[in-house]
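J.: structure of the sequence below:
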Amino acid sequence: MEYQVPQFIEVEDKIVGPLTLKQFIYLAGSAGLCVIFFSYLPLVFAVLLSLPVAGFGAALAFYKINNKPFIEMVEAGFNYYTGKKLMLWKEAGPAAAGGKPAAKAEAPGPAAPPGRRAPRLTRGKLSELAWSLDIKSQEALSSREK
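T.: Now for the predicted structure:
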């Protein structure tokens, strides 16, 4: 038995002419708000308020960022600005507490104790270490077998 699998399910249906239902609602809402501005406010204020509302409605209906609808970007921005943020602060040391800026920022990483340096591992030393480990492990195996 064969079934037809729907194709292009992410494409919305055109309901009102060339517009999808969401596009029509965004445009109709912004147009309705502009009509209210023009009917209750003086012409100058109505134009000043209607331009951003019409632009926002058109952006909601047609504009996409990275192939995502503009409404998703607006929602993400709103959630970012209203959500909780975790801010970590690390004190730079006694120089920062005294009011003077620290002379030099330290590089992140494990700090070595003063007067001691970590030994440098060169390719030759690494080869010798690997060779000695191979020899010792083979000696240990041969002594276990006996």
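
J.: what's the spacing between F62 and A54?
T.: If you measure F62 against A54 using C-beta to C-beta, to the nearest Å, the figure is 12 Å. In this view, the C-beta of every residue, glycine as well, is placed from N, C-alpha and C.

J.: could you do V35 as well?
T.: Relative to A54, and taking C-beta to C-beta, V35 is found at 11 Å.

J.: hmm, back to that, so for F62 and A54, which sits in the more crowded spot?
T.: A54 (16 against 13; other C-beta atoms under 10 Å).

J.: contacts only, for that one.
T.: Going by C-beta atoms under 8 Å, 6 or more residues apart in numbering, A54 touches S30, A31, C34.

J.: show me what whichever strand or helix holds E72 is packed against.
T.: Using DSSP states H and E, E72 sits within helix 70-82. Applying 3 or more C-beta pairs under 8 Å, 6 or more residues apart in numbering; DSSP states H and E, one finds that helix 70-82 makes contact with helix 43-62.

J.: show me what counts as buried in the helix it packs on.
T.: Buried residues in helix 43-62, counting neighbours by 16 or more other C-beta atoms under 10 Å, are found at A46, L49, S50, V53, A54, F56, G57, A59, L60, A61.

J.: with distance to G17 and pLDDT added, can I get those in CSV?
T.: Output for the buried residues of helix 43-62, formatted as CSV (distance: C-beta to C-beta, whole Å; pLDDT from 0 to 100):
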residue, distance to G17, pLDDT
A46, 27, 94
L49, 27, 95
S50, 23, 95
V53, 22, 96
A54, 19, 96
F56, 21, 96
G57, 16, 96
A59, 20, 95
L60, 18, 94
A61, 13, 93
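
J.: which of those residues sits closest to V74?
T.: If you rank the buried residues of helix 43-62 by distance to V74 using C-beta to C-beta, L60 comes first, at 7.7 Å.
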